[in-house]
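> Everything below, folded, please.
(chains A and B)
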Amino acid sequence: MPTFLFVSEFAQMNLTSDQINTIQVNDVISTVLKWLFLIGFILYVLFAVLAIRQIEIMSNTVVTPLSPKIRLVGYLNLCVAIAGLIFTYLYLR
Amino acid sequence: MPDIFNSADKIEVAQPKPTVDPQPANTFHSYSPLIDSYRPTANCWSSFAPKPLNTAFNFQLDGEEILLLVRQHPLTQMRLFFAILILIVLPLGIFFFPFPDFFPPKLHILAFLGWFLLVIAFGLEAFLDWFYNVNFVTNERVIDIDFRSLLFRDVSTARLDRIEDVTTSTAGYLGSFFNFGNVKVQTAGATDVFEFYRVPSPNKVSEFINELINDEEQGDRTPIERRGG
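Now for the predicted structure:
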């Protein structure tokens, strides 16, 4: 929103300068939190990729009948992480 | 340096594929009566698995048979299990402690989503840590596999003929009540000790290793050579 419209909206609302400051601070906090969430979900996707690599190393070192299922869990975790990231991006856009 | 000081080998990373196929069926050779008395285990969740079927490790030698697989007793994971349960129900606390005013209502759903993803990550790591940190007793060696972090593993091995002493200890009320504890394997080297932590039936593990050592000491040849392998 252009600054002059933003300011004029506040002017029409007959707000005190303290109230305007509070609204502006909340707006900044909201923006920062949105970015933090997005970065958090990106980091989780990176973790999920690392977890798959970790499962690969573990499964190659110790071979058990359960290894394919554990690999599947790793890939499901990555899918959930990517879905979470896409949802976050679309939700916050 | 005399060979005696090199009894336990530390190996870092390296990812060769398993050279030996997992033991597919009941094809184990005959050992002493005590070891033969254990039936092969098909349950891959077991913490005390004599002769585990379809199990292998990537540096297994030709003719080397896994005779015992042990990992931490499931009860030792109870603390983590309850921690995860608490983390799952913790968001219900929002009814008593609502989000602060500055936290935009639009982000509430993302906060919950992020929280549950973190719980999943914590649970997955706890499970992997328990499941893959195992100890093997084979007809040739005793092996301790530790995954220390996301991508690093630490493997200690000691040949049976280098093992000097095997001691067991149970610690705490839970360990005494549910029969789990530590097994310490002392090898010929001055500082080469490795420990199986909080494994089920430590006395049985100790007996098992001692029996294999006796079997080994009966002849100069290795068990594989004795079997004509």
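> contacts and neighbour counts: CA atoms only from here.
Will do.
> Name the secondary structure element that contains the residue nearest the centre of chain A.
Closest to where the C-alpha atoms of chain A average out (CA atoms, centre = their mean) is residue A:38, at 2.9 Å. Per DSSP states H and E: residue A:38 is located in helix A:17-61.
> Which is the succeeding secondary structure element to that helix?
Heading C-terminal from helix A:17-61 (DSSP H and E), you reach strand A:62-63.
> Are that next one and chain B in contact anywhere?
Yes: contact of strand A:62-63 with chain B (CA under 8 Å from any CA of the partner chain) involves A:62-63.
> before we move on, back to that, list the helices and strands the helix holding residue A:38 packs on?
helix A:67-92, helix B:108-132 (3 or more CA pairs under 8 Å, 6 or more residues apart in numbering or on different chains; DSSP states H and E).
> closest one to residue B:46 among those?
helix B:108-132 (9.6 Å; CA to CA).
> count of neighbours near residue 44?
Just going to use chain A. 23 (other CA atoms under 10 Å in any protein chain shown).
> should've been chain B
18.
> what's the answer for the one 10 residues further on, then?
Neighbour count for residue B:54, taken as other CA under 10 Å: 19.
> pretty sure it is touching residue A:62, no?
No: here residue B:54 does not reach residue A:62: they are 10.7 Å apart, not a contact under CA atoms under 8 Å.
> how close does the residue nearest to residue B:210 when sequence neighbours are not counted get to residue B:203?
Residue nearest to residue B:210 in three dimensions, not counting chain neighbours: residue B:166, with 7.4 Å by CA to CA, 6 or more residues apart in numbering or on different chains. Using CA to CA, to the nearest Å, residue B:166 is found at 10 Å from residue B:203.
> likewise residue B:193?
18 Å.
> same deal with residue B:151?
From residue B:151 over to residue B:203 (counting by CA to CA), the distance is 33 Å.
> Looking at the two, which one has more neighbours?
residue B:203 (20 against 15).
> which SS class is the nearest residue to the more buried one once chain neighbours are set aside?
Distances taken as CA to CA, 6+ apart place residue B:168 nearest to residue B:203, at 6.5 Å, with adjacent residues excluded. Secondary structure, DSSP: H, G, I helix; E, B strand; the rest coil: residue B:168 is strand.
> and the helix or strand residue B:154 falls within, which residues are buried?
Residue B:154 belongs to strand B:153-159 when elements are defined using DSSP H and E. The neighbour-count check on strand B:153-159 (16 or more other CA atoms under 10 Å in any protein chain shown) flags B:153, B:155-159 as buried.
> ok, residue B:188 touching residue B:162?
Yes: Residue B:188 lies in contact with residue B:162 (CA under 8 Å); the separation is 5.5 Å.
> Mind telling me what element the spatially closest residue to residue B:205 that is not a sequence neighbour is part of?
Nearest non-adjacent residue to residue B:205, counting by CA to CA, 6+ apart: residue B:183, 7.5 Å away. In this structure, residue B:183 sits in strand B:180-187 according to DSSP H and E.
> what's the angle from that strand to strand B:153-159?
60 degrees (axes from the mean of the first three to the mean of the last three CA atoms, to 10 degrees).
> Between strand B:180-187 and the next helix-or-strand element following strand B:180-187, find me the angle.
Moving toward the C-terminus from strand B:180-187, the next helix or strand (DSSP H and E) is strand B:193-200. Using the same axes, to 10 degrees, the inter-axis angle of strand B:193-200 relative to strand B:180-187 is 160 degrees.
> Just checking: what are the partner strands of strand B:193-200?
Partners of strand B:193-200 in the sheet, by DSSP bridges, are strand B:180-187 (antiparallel).
> Distance from the partner strand to the middle of the chain?
In terms of CA atoms, centre = their mean, to the nearest Å, the centre of strand B:180-187 is found 13 Å from the chain centre.
> If I look at the most far-flung residue of chain B relative to its centre, what pLDDT would I see?
Distance from the C-alpha centroid of chain B peaks at residue B:101, with 48.3 Å (CA atoms, centre = their mean). With respect to pLDDT, residue B:101 scores 77.
> Could you pull up the contacting residues of it?
For residue B:101, no contacting residues are found, by CA atoms under 8 Å, 6 or more residues apart in numbering or on different chains.
> I'd like to know how many residues surround residue A:71.
Residue A:71 is flanked by 18 other residues according to other CA under 10 Å.
> Would you point out the helix or strand in chain B whose mean pLDDT is lowest?
Among the helices and strands of chain B, strand B:8-12 carries the lowest confidence by mean pLDDT, DSSP states H and E, at a mean of 47.
> before we move on, what about chain A?
Sorting the helices and strands of chain A by mean pLDDT, DSSP H and E puts helix A:3-12 at the bottom, at a mean of 55.
> and stretch B:205-212, which residues are buried?
For stretch B:205-212, by 16+ other CA under 10 Å, it's B:205-206, B:208-212.
> Could you pull up the mean pLDDT of it?
92.
> now residue B:144: how far from residue B:183?
For residue B:144, the distance to residue B:183 - CA to CA - is 11 Å.
> Cool, thanks, talk later.
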